[in-house]
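In: What follows is a predicted protein model with its sequence.
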Amino acid sequence: MVVEPDVPPGGDAPPGGGVPPERPGRLKVYLGAAPGVGKTYRMLDEARRRADRGTDVVVAYVECHKRPHTLAGLAGLEVLPRVQRTYRGGEFEEMDLDAVLERRPRVAVVDELAHSNIPGGRHAKRWQDIEELLAAGIDVVTAVNIQHLESLKDVVEKITRVPQQENVPDEVVRRAHEIELVDMPAPALRRRMAHGNIYAPEKVDAALANYFRVGNLTALRELALLWVADSVDDALQKYRSEHGIDRVWETRERVVVALTGGPEGETLIRRAARIADRSVGGDLLAVHIARSDGLAAGSSPAALVRQRALVESLGGSYHSVVGDSVPTALLEFARAENATQLVLGTSSRGRLERFVTGRGIGETIVALSGDIDVHMVTHERAGRGRQLPSRRRTLSTRRLIAGPVAGLVLPVLLTLLLDGTRDTLNLTSEALLFLLAVVAVACVGGVVSAVVASVTASLLLNYWFMPPVGQFTFGDVNSVLATVVFAVVAGTVAAVVDRSLRLSRRSARATAEAETLSSLAGSIVRGDRAIPALLERTRETFGMDSAELTSAPVTDTAAVQMPIGEETHLVLRGRSLPSSERKVLAAFAAHVTVAVERAQLAEAAAEIEPVRAADRMRTALLAAVSHDLRTPLAAGWAAIASLRSRDVDFTDEDRDELLATADESMARLGRLIDNLLDMSRLQAGALNLSLRATALEEVLPMALDSLPPESPATDVQCLDTVPAVLADPPLLERVVANLLSNAARHTPRGETVLLTASTLDDRVEVRVIDRGPGLPPEDRERAFVPFQRLGDTDNTTGVGLGLALARGLTEAMSGTLTPEDTPGGGLTMVLSLPAA
């Protein structure tokens, strides 16, 4: 990927004075998802290719980590000496920045962009050293891992549980002339690790068990791919902007669906999703245009909440845009997102309204859409006209009373005041003052008060100040005109005041509803128990005394009730709710409905699963008893019967062999019965636990002694580096013994079983590693089902309870048992228990 730098050409003069370079150096960054993907190797390969073409290339700093392939890449390249620095009693090597500036190559290879320099140099960070090289006109090739980008620091820490101490600002990398992704799938990288191509052998197991988990590497790889994809998209948008390209480039299908908050929204969303699914990699974007004054005529917050959930469930994204003109804001959003198609609902206006108001939003968008395809989707509300809004009082009772009173009193008071200044002011000034009084009354009381004030003022002005003074002169044209002007001005001002107040109240209401729904979503995300959290949030929001779920409607007429399912009702007690608040309550009820249905499904599944498990166990147990219990019994009985026979004279060696056979058969039968009893206790929930701090060294010797003498050797590592676990010692011994027995059974002759331990947060992980054939992913969960012998051809080794019992005992101790691939071949059982 090539990204043009955002900095202007030119640059600062190099340190120490001199002539500034003709152009700043160009930066190329090799970006990787994790250590070991091959960034340094690719850098050195590029350096050799440039050197072969005659370019002056030096290696200013490269960290090879003793990797042979990387060390071989330095052959034939000029490597500049490093500078030695002392820090806290140790000697460290750093890039010699002054030496690179003095050498002034065309290209410098500098590894580890996010590295923090040892104190004593000019800069604290290596990326600052690189910027100085670029300012001096030196091209730089460098490398960095995705976890070191500043914007992803917290995300990476949440994924890997490892804090990142060295970071580089994203903008430094985005300014690079070229960003090249060095990609490698997680299994391939783990194989490189297992083969010793990344870390020293003594660090391999710990790395595979912690940072280099498959999940960690997959998540880091996705972060790297998405970050580079965003950079590519930014570069494309910049190119289009610089070249004045307004038309849509259909690099991939992007479908935008416009939502009004009306009942037709779900129909539009599903239609848009079908359009997006027709192309590979199509994007679905839903957008709601909110008026800049906070109003949303005809929209329902509850409907928008449901529609947003539907969009996200279909893999789309939801956006809210503020704009005065819906067509303009919608098309600007679509073009900014490089949308290829736009989905709208057909107009809900009736024929008369369309005739009066002219072209609507949909027709305007079609006319202005240009190269964006517009789909007008019909729905059940199309052409039915808008519902009239309910009539609501926009003025308080006090203002409704004070307005007409002021309309009568204020003109009278003004008349008394002006009567004393009759010789000072002329008729024009007096008329303007009366007009001002009418405007003031209109601001207080609205339309009715303005009419009262205008009539009163016009009569007083006509009687007291228009010649002839002291009598009404309605026959004069000027008098009639003054009265009409007063009425028109007062009515206009009153209408403006009334509308302004109505808009203000609606805006405040819309803001409050948005904040309430946002707070609701946050409480659900943060809460561990969805239904109690929703009920408590509902009660607090509406100022109620209580909020509960009932199986049937209540008879209390004072309670506020709302059905949330076929048999469940949300009941609020405390006060009555106006219709405006009931609309917001509907959004709460929608969330409660989902939570209740989810809880009911989970309860039903929990009730059915034990029955199914018991049926499976009963069937498997009968199969096991019919064969596997009979085998050791038959062998033991045959040996004892032979010993009791008086027809054969056995030698001492034969007698010892028969006794050993009988003893081995009875021991096998005893272990089998113990496993069956333990599994029965687990299934019945009757297993008694005695959890305490247990060191792994405490249970391991007994687990090893339980293995047959012919079992392969077990290599034990790192047990003394981990804390004790919270477990029941006898049960933990059984778990470890079963895991070692399973690993020994599948380990080839001449190989050893490896048992290692490590810590991860507040848990201890024990890994039992074999080099056998392993298990395909689709069979791994079946290995933990009782009476399964996946891949076994010998039916004399047990009934297949070992792994099932091990997982059951582990989960009873609040642990987990999961299988993983062993890099290089084999299976790894990961036993995770809480640290004591």
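Out: Looks like it came in fine. Numbering: from 1, shown residues only.
In: drop to CA atoms for contacts and neighbour counts, all remaining ones
Out: Will do.
In: Can you name the helix or strand that the most centrally placed residue in the chain falls in?
Out: Nearest to the mean C-alpha position of the chain, counting by Cα atoms, centre = their mean, stands residue 155 at 10.0 Å. Here residue 155, judged by DSSP states H and E, is contained in helix 153-160.
In: For stretch 413-430, give me every contacting residue.
Out: 434, 460, 461, 464, 465, 466 (Cα atoms under 8 Å, 6 or more residues apart in numbering).
In: Can you give me every residue that contacts the third one?
Out: If I follow you right, that is residue 461. Per Cα under 8 Å, 6+ apart, neighbours of residue 461: 415, 430, 431, 434.
In: ok so, going back, restricted to helices, list the contacts of stretch 413-430.
Out: Among these, the members found in helices (DSSP state H) are 434, 460, 461, 464.
In: so where do the strands sit in the stretch 551-700 of the chain?
Out: 560-563, 569-573, 692-694 (DSSP state E, counting those that start in this stretch).
In: next structured bit after the lowest-mean-pLDDT helix or strand in the chain?
Out: When the helices and strands of the chain are compared on mean pLDDT, DSSP states H and E, helix 351-357 comes out lowest with a mean of 51. Reading on from helix 351-357 to the C-terminus, the next helix or strand found by DSSP H and E is helix 361-368.
In: Buried residues of that next one, list them for me.
Out: 361, 362, 365, 366 (16 or more other Cα atoms under 10 Å).
In: mind checking pLDDT for the second one?
Out: Going back to what we said before, that points to residue 362. What the model reports as pLDDT for residue 362 is 80.
In: Please apply the same query to the third one.
Out: In this model, residue 365 is scored at 85, pLDDT.
In: okay, now the residue lying closest to it once chain neighbours are set aside: neighbour count?
Out: Leaving out its chain neighbours, the residue that sits closest to residue 365 by Cα to Cα, 6 or more residues apart in numbering is residue 327, at 5.4 Å. Residues lying near residue 327 (other Cα atoms under 10 Å) number 20.
In: Likewise for residue 211?
Out: 17.
In: swap in residue 226?
Out: Neighbourhood size, residue 226 [other Cα under 10 Å]: 12.
In: any idea how far it lies from residue 166?
Out: Going from residue 226 to residue 166 by Cα to Cα, to the nearest Å gives 21 Å.
In: Residue 733 too?
Out: Counting by Cα to Cα, the gap from residue 733 to residue 166 is 42 Å.
In: One more: residue 302?
Out: Counting by Cα to Cα, the gap from residue 302 to residue 166 is 45 Å.
In: before we move on, back to that, I'd assumed residue 361 was in contact with the residue nearest to residue 365.
Out: Yes: with contact defined as Cα atoms under 8 Å, residue 327 reaches residue 361; the gap is 6.0 Å.
In: quick one: which helix or strand includes the residue nearest to residue 365?
Out: helix 326-336.
In: Just name whatever secondary elements that helix is in contact with.
Out: Helices and strands touching helix 326-336, as assessed by 3 or more Cα pairs under 8 Å, 6 or more residues apart in numbering; DSSP states H and E, comprise strand 283-290, strand 317-322, helix 361-368.
In: for the record, mean pLDDT for the helix or strand following the first one?
Out: Secondary structure here is assigned by DSSP H and E; on that basis, the next helix or strand after strand 283-290 toward the C-terminus is helix 301-313. Summarised as a single mean, pLDDT over helix 301-313 is 85.
In: tell me the helices in the stretch 1-150 of the chain, going along the chain?
Out: Along the stretch 1-150 of the chain, counting by DSSP state H, counting those that start in this stretch, helices occupy 39-52, 68-72, 97-103, 126-135.
In: and the ones you listed as CSV, adding distance to residue 590?
Out: Listed next are those as CSV, based on distance: least, Cα to Cα, whole Å:
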stretch, distance to residue 590
helix 39-52, 51
helix 68-72, 59
helix 97-103, 63
helix 126-135, 51
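In: Export these to CSV and append columns for mean neighbour count, distance to residue 212 and mean pLDDT.
Out: Shown next, in CSV, are the helices of the stretch 1-150 of the chain (neighbours: other Cα atoms under 10 Å; distance: least, Cα to Cα, whole Å; pLDDT from 0 to 100):
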stretch, mean neighbour count, distance to residue 212, mean pLDDT
helix 39-52, 19, 17, 92
helix 68-72, 15, 20, 83
helix 97-103, 15, 34, 93
helix 126-135, 22, 26, 94
